[in-house]
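Visitor: One predicted model, sequence on top.
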Amino acid sequence: MSNLKIYIIGLLIVTNIALSFAIVWTEHLTRTQYRILQSLSNQKYNLKTEWRKARVEKGKYDSLSKIEKDAQNFLNMTAPKKRELIYIYE
């Protein structure tokens with residue numbers, strides 16, 4: 001065999017090995033990116049769920065009468081009388 005054939009066969013072997021490593025590396029990167037994507041997707045779902053719960057909670061306390069009732073029931077607070085307000089602002 002001539003030296004040229006040996007060099008070509010050697011080049012093809014090295015190229016084949018390099019291509020194999022490139023395929024394995026690309027597969028590794030793809031799987032890593034997919035795991036990150038799944039993690040972010042789960043985080044997005046959890047944040048959406050939390051946002052929905054917060055909106056429901058906000059809607060529950062939107063009305064002033066609900067807040068006043070809760071203040072009276074849980075904190076034993078009362079609204080100031082009109083004459084009490086006069087002393088505050090004088």
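Guide: Arrived safely, thanks for sending. Note that the coordinates shown come from a computational prediction; the quantities given were computed from them, not determined experimentally.
Visitor: quick one: low-confidence ranges for this structure?
Guide: 1, 63-64, 82-90 (pLDDT under 70).
Visitor: so where do the helices sit in it?
Guide: Using DSSP state H, the helices of the chain run over 3-60, 64-75, 82-89.
Visitor: Redo those helices as CSV? Include mean neighbour count.
Guide: Placement of C-beta: from N, CA and C, glycine included. Listed next are the helices of the chain as CSV, based on neighbours: other C-beta atoms under 10 Å:
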stretch, mean neighbour count
helix 3-60, 10
helix 64-75, 10
helix 82-89, 8
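Visitor: Setting aside sequence neighbours, what's the nearest residue to A79?
Guide: Take A79 and drop its neighbours on the chain: the residue closest to it by C-beta to C-beta, 6 or more residues apart in numbering is E68, 7.0 Å away.
Visitor: In this structure the one you found contacts L75, no?
Guide: No - the pair E68 and L75 fails to qualify as a contact (C-beta atoms under 8 Å) at a distance of 10.7 Å.
Visitor: From T49, how far out is the nearest residue to K60 once chain neighbours are set aside?
Guide: Leaving aside its sequence neighbours, K60 sits nearest to K66 (C-beta to C-beta, 6+ apart; 6.9 Å). From K66 across to T49, the span is 24 Å (C-beta to C-beta, to the nearest Å).
Visitor: just G10 next, same as before
Guide: Distance from G10 to T49, by C-beta to C-beta: 59 Å.
Visitor: ditto for W25
Guide: W25 is 37 Å from T49, by C-beta to C-beta.
Visitor: N3 too?
Guide: Counting by C-beta to C-beta - N3 and T49 are separated by 69 Å.
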